[in-house]
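Engineer: Starting from these lines, generate the structure:
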Amino acid sequence: MSWLYRLTGRFPSVVIARRNVSRAKARSALAAAAILIGVVAIGTIGAGGAAFKQSQLNSIQEQGATNVFVAPGFDKPERYFDREDLLAIEETVGPAGVVATQSASREVVGRAGRRAPVSVTFIEDVRPLYTVERGAIPENWRRSAVVSAGFAAERGLSPDDRITLVSQERTGGTTVERERTYRVSAVLTETQGFGSTGVYLPIEQAENRRYSQVRVTTGSADEAEAAATALRERFNDRKELLLVFELTSLLRLLRTIIDGINVFLAGLGSLSLLVAGVAIMNTMLMAVLKRREEIGVLRAVGYTQRDVVRILLVEAAMLGGIGAVLGLGLSLLVVLAANAIFLGDPFAFTAESAGYLVAAVGFGILTSLVAGAYPAWRAARERPVEALRG
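Structural biologist: Numbers count the residues shown, from 1 in each chain. Got it, this is the predicted structure:
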């Protein structure tokens, strides 16, 4: 530790301030503890709230925040999309992927001939939207089916099993039931996305090439918002030809709500730093009163008013620094637990959470300096002769 003493010896104000802090251990400890509480309050509330917000944003993005869902608008004469509509949408969204689907209802035939309704989606290729968990989707899957994880679990299905679907089709003015049997080629990974589709079939199995929905797939929420804006500007200028839905608006709303709550709670936590400032001011005033003669001696031997102010401000900064560093350590422990709970990784710090921790430490030290300014000014203003008289 000799290097520390040599270093501090070059800065007399630091040496004197450190000695003053160590002499009044009880008062210094209480003042530092007040700063510690404030730093912990701001750091844990802000960084913990940031971890919670990130977990909710991740959850929404997993449910399709990078996708834009497009359906025929109220002013579109045809309540479906054809090939020309798809080309126009592809031209508008540029490099984003476009996947058109047709939805329908079918009945699945189970054991003992019992039937149950099931949602069916006709699609050209499932792979751009979902991940296969079991089995494989063949390049030509005209007579095979892909099922969701939930439907497979409910029906006890595995790849290479067979399912029979019943459709109601109009033929010559009459409704005819038709049964078709498909081989299950793949089971999809369980997803928390929107929709309850149980079975995916090739678009060739649909009665016609009329699409009920188009999904635009992008790489980020910002790209999804840009694609949605472009579609609205082109197709919904005068009439509502498209119904465009994306989750980016929900993301913005969630960010706004959580940010507002975080700022409010952090503001409440900062009140404890105001209390800490009062405690430090009281500690510094008591130190000034008890050391009037010492300050008078310093002034008499040549210390200027600026030197006295510097000594007392360094002392206040030490108290704030000790409390802030200890508070940062406790805050980190709490935030590590919050990250583990909300994000699944204790070290998954975001820039926002780190910013709250840094701001808490800076605010704690700044509060100490502001609180120590008046006692320092008062001590420096006192005449050396009056100080020596006590």
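Engineer: Compute the number of surrounding residues for residue 279.
Structural biologist: Taking other Cβ atoms under 10 Å as the neighbour definition, residue 279 ends up with a count of 21. Backbone N, C-alpha and C define where each C-beta goes, glycine included.
Engineer: gap between it and residue 157?
Structural biologist: Plainly put, residue 279 is 68 Å away from residue 157 if you go by Cβ to Cβ, to the nearest Å.
Engineer: Residue 242 too?
Structural biologist: Counting by Cβ to Cβ, the separation of residue 242 from residue 157 is 36 Å.
Engineer: So the two - more neighbours on which side?
Structural biologist: Neighbour tally, residue 242 and residue 157, criterion other Cβ under 10 Å: the higher count belongs to residue 242, 25 against 18.
Engineer: The more buried one and residue 71 touch, don't they?
Structural biologist: Yes - in this structure, residue 242 is within contact of residue 71 by Cβ atoms under 8 Å, at 7.3 Å.
Engineer: Okay, and the nearest residue to residue 48 once chain neighbours are set aside sits in which element?
Structural biologist: If you skip the residues right next to it in sequence, residue 48 has residue 338 as its closest partner in space, 4.1 Å away by Cβ to Cβ, 6 or more residues apart in numbering. Secondary-structure element containing residue 338, defined by DSSP states H and E: helix 305-342.
Engineer: which strands and helices sit next to the following helix or strand past that helix?
Structural biologist: From helix 305-342 onward toward the C-terminus, using DSSP H and E, the following helix or strand is helix 351-381. In this structure, helix 351-381 packs against helix 25-60, helix 248-290, helix 305-342, with contacts taken as 3 or more Cβ pairs under 8 Å, 6 or more residues apart in numbering; DSSP states H and E.
Engineer: Need the phi and psi values for residue 139.
Structural biologist: Dihedral pair for residue 139: phi -60, psi -40, per degrees, to the nearest 10.
Engineer: Now for residue 383, how many residues are close by?
Structural biologist: Quick note: residue 383 (other Cβ under 10 Å) scores 10 neighbours.
Engineer: Would you map out the domains in the chain?
Structural biologist: Structural domains of the chain, as assigned by automatic domain parsing, span the residue ranges 12-61+252-389, 66-246.
Engineer: Dump those domains to JSON lines, plus mean pLDDT.
Structural biologist: Shown next, in JSON lines, are the domains of the chain (pLDDT from 0 to 100):
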{"stretch": "domain 12-61+252-389", "mean pLDDT": "81"}
{"stretch": "domain 66-246", "mean pLDDT": "85"}
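Engineer: what's the most buried one of those domains?
Structural biologist: domain 12-61+252-389 (a mean of 18; mean count of other Cβ atoms under 10 Å).
Engineer: List the contacts of the closest residue to residue 132 other than its chain neighbours.
Structural biologist: Residue nearest to residue 132 in three dimensions, not counting chain neighbours: residue 186, with 4.6 Å by Cβ to Cβ, 6+ apart. Residues counted as contacts of residue 186 (Cβ atoms under 8 Å, 6 or more residues apart in numbering) are 126, 132-137, 146-147, 159.
Engineer: circling back to that earlier point, residue 349 is nearest to which of the helices and strands packed on helix 351-381?
Structural biologist: Minimum separation from residue 349 across the helices and strands packed on helix 351-381 (Cβ to Cβ) falls at helix 305-342, 6.9 Å.
Engineer: The closest one to helix 351-381, inter-axis angle?
Structural biologist: 160 degrees (axes from the mean of the first three to the mean of the last three Cα atoms, to 10 degrees).
Engineer: Point to the residue nearest the middle of the chain.
Structural biologist: residue 54 (1.7 Å; Cα atoms, centre = their mean).
Engineer: So that one is in contact with residue 343, correct?
Structural biologist: Yes - the criterion here is Cβ under 8 Å, and residue 54 meets it with residue 343 at 6.3 Å.
Engineer: out of the contacts of residue 186, who's nearest residue 228?
Structural biologist: Scanning the contacts of residue 186 for proximity to residue 228, where the rule is Cβ to Cβ, the winner is residue 126, at 23.3 Å.
Engineer: surely that closest one meets residue 137?
Structural biologist: Yes - using Cβ under 8 Å, residue 126 makes contact with residue 137 at a distance of 6.2 Å.
Engineer: shared neighbours of the two, anything?
Structural biologist: With Cβ under 8 Å, 6+ apart as the test, residue 126 and residue 137 both reach 146, 186.
Engineer: And the strands in the stretch 1-150 of the chain, which stretches?
Structural biologist: Taking DSSP state E, counting those that start in this stretch as the criterion, the stretch 1-150 of the chain carries its strands at 67-72, 97-109, 115-123, 132-135, 144-147.
Engineer: and those strands as CSV, adding distance to residue 311?
Structural biologist: CSV is the format used below for the strands of the stretch 1-150 of the chain (distance: least, Cβ to Cβ, whole Å):
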stretch, distance to residue 311
strand 67-72, 63
strand 97-109, 67
strand 115-123, 76
strand 132-135, 69
strand 144-147, 76
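Engineer: Out of those, which is closest to residue 322?
Structural biologist: strand 67-72 (51.1 Å).
Engineer: Strand partners (parallel or antiparallel) of the closest one?
Structural biologist: strand 213-217 (antiparallel), strand 242-246 (antiparallel) (DSSP bridges).
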